[in-house]
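Q: here's a sequence, model it:
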Amino acid sequence: MLGTQFTTGSPSWIDLGSPDTKAAAAFYGSVFGWDFQSLGPEAGGYGFFQQDGRTVGAVGPLTEEGAQSAWTVYFQTPDADNTQQAAEAAGGTVRSPAFDVMDAGRMANLTDPGGARFAVWQPAAVRGLERTSETNTLLWVELHVADPEAVLGFYQQLFGWRWSEMKAPGMTYRVISTAEGDQQDASFGGAAEVQEGMQPSWVPYFAVEDADAIARSTQGNGGSVLMPAADVPDVGRIAWLADPAGAVFAVLKPAPMP
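A: Numbering: from 1, shown residues only. Just a heads-up that it's a prediction; the model follows:
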C-alpha cells in the first residue's frame, strides 16, 4: 500500500477541484474528520486537508475552463518538464504546461491517451502527502479507462511502472507498482475497464474503519452512493461515493492480513 517515501511514479499528492471550497471542506470534515488549513489569498483559495496536523490532501477552486469537480492524483517525477514532453510524445495531452507552485514544487496537468486526467509533481519544499494508508487517508488509486493495457503502456514510458494481472469476477484487474523495489511491496494502485456511464478517470480510495458508516455519512451530508458497500474477497469492503459537487471517491475497509 501507499507510503510517504515517494519514488518516481508514486502517487504523492491528491487534490480536489471544487466549485465551493468552503462547502467541500465542511463535507470532508464531516465525513472523514479532516481539518482545513487555508493557504491564504495569495494561494487563490487553495488549502490543505489535514488529520492531526498532517496533510492528507488538498482542495482548491476549479481553474480549468469547463472543468467538473473531481479529485486529481499527482505522480512524483524528478523533472516535470521532461515528463510533460514524454507524455505528449506518447500520445497524452498537456492541459497546463509545467509551472512552479511558489516554492512548493513544480507541476503539470496532463491527460492520458485513455482520457483520464492526472498531474505530475516535482517536489521542492513540499515533498508530498504527510500521512497515507491510515484510517481516513489515501490508501490506493485506481485507473478506469476503456483499454487499461494500452494506457498502462503510456504510463510505463513515463514512470517505468510494472503491473500484474489478477482475475476478478467478470473482469481482469491489473495491480500497478512503481519501477523500484519488490513488485508486490511497491504496488500502489490498479487499473480496470471503465464502466458504462462513467468517465475515464483516476479514483482515490481512502482507508476507513467502516465503509457502510462512511456511505451513510456521505448521504447524510449531501453526497451520494454510487456503489453501496460490498465485500471483495481478499481485498475488503468497498463503497463508491460522490461528494455534493459530484467528485467521485471510494472507501475501503481492508480485509485482515493473513
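
Q: C-alpha coordinates for the host helix or strand of residue 174, CSV please?
A: Assessed by DSSP states H and E, residue 174 sits inside strand 171-177. Taking C-alpha atoms only, strand 171-177 is exported to CSV below (Å, rounded to 0.1, in the frame of the first residue of the first chain):
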residue,chain,number,x,y,z
MET,A,171,-13.1,-8.7,-15.3
THR,A,172,-9.3,-8.6,-15.4
TYR,A,173,-7.7,-6.3,-12.8
ARG,A,174,-4.2,-5.1,-13.1
VAL,A,175,-2.2,-4.3,-9.9
ILE,A,176,0.3,-1.4,-10.6
SER,A,177,3.7,-0.9,-9.0
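
Q: parallel or antiparallel, which strands does it pair with?
A: Strand 171-177 has the following strand partners under DSSP bridges: strand 162-168 (antiparallel), strand 187-193 (antiparallel).

Q: mean pLDDT lowest where, among these?
A: Out of the strands paired with strand 171-177, strand 162-168 stands lowest, with a mean of 90 (criterion: mean pLDDT).

Q: what sits up against it?
A: Contact with strand 162-168 is made by 152, 156, 172-179, 183, 186, 191, 232, as judged by C-beta atoms under 8 Å, 6 or more residues apart in numbering. Yep, even glycine has a C-beta here, placed from its N, CA and C like the rest.

Q: same thing but 6 Å
A: The contact list for strand 162-168, computed with C-beta atoms under 6 Å, 6 or more residues apart in numbering, reads 152, 172-177, 183.

Q: check which residues of it are buried.
A: For strand 162-168, a neighbour-count test (16 or more other C-beta atoms under 10 Å) marks 162-163 as buried.

Q: how far off centre is that strand?
A: Strand 162-168 sits 19 Å away from the centroid of its parent chain (C-alpha atoms, centre = their mean, to the nearest Å).

Q: restricting to C-alpha, output it in PDB.
A: Provided in PDB are the C-alpha atoms of strand 162-168 (Å, rounded to 0.1, in the frame of the first residue of the first chain):
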ATOM      1  CA  ARG A 162       5.100  -2.500 -13.700                       C
ATOM      2  CA  TRP A 163       1.800  -4.400 -13.400                       C
ATOM      3  CA  SER A 164       0.500  -7.900 -12.900                       C
ATOM      4  CA  GLU A 165      -2.900  -9.300 -13.800                       C
ATOM      5  CA  MET A 166      -5.500 -10.600 -11.300                       C
ATOM      6  CA  LYS A 167      -8.700 -12.300 -12.400                       C
ATOM      7  CA  ALA A 168     -11.800 -10.900 -10.700                       C
END
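
Q: need the residues that contact the strand or helix carrying residue 216.
A: Following DSSP H and E, one finds residue 216 within helix 211-220. If you take C-beta under 6 Å, 6+ apart as the criterion, helix 211-220 is touched by 31, 208, 225, 229, 237, 239, 241, 251, 253.

Q: try 7 Å this time
A: With C-beta atoms under 7 Å, 6 or more residues apart in numbering as the test, helix 211-220 has contacts from 30-31, 208, 225, 228-229, 237-239, 241, 251-253.

Q: any chance of a ChimeraX selection covering the buried ones in these?
A: Entered in ChimeraX, the line below selects the buried ones among these, by 16+ other C-beta under 10 Å:
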select :31,208,229,237,238,239,241,251,252,253
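
Q: and which of the contacts of helix 211-220 is nearest residue 161?
A: Closest approach to residue 161 among the contacts of helix 211-220 (C-beta to C-beta): residue 252, at 21.1 Å.

Q: and the helix or strand harbouring that closest one, what's its mean pLDDT?
A: Taking DSSP H and E as the definition, residue 252 sits inside strand 248-254. Averaged over strand 248-254, pLDDT sits at 97.

Q: next, count neighbours for residue 103.
A: If you count neighbours by other C-beta atoms under 10 Å, residue 103 ends up with 8.

Q: quick check: closest non-adjacent residue to it.
A: Sequence neighbours aside, residue 125 is the residue nearest to residue 103 in space, at 4.7 Å (criterion: C-beta to C-beta, 6 or more residues apart in numbering).
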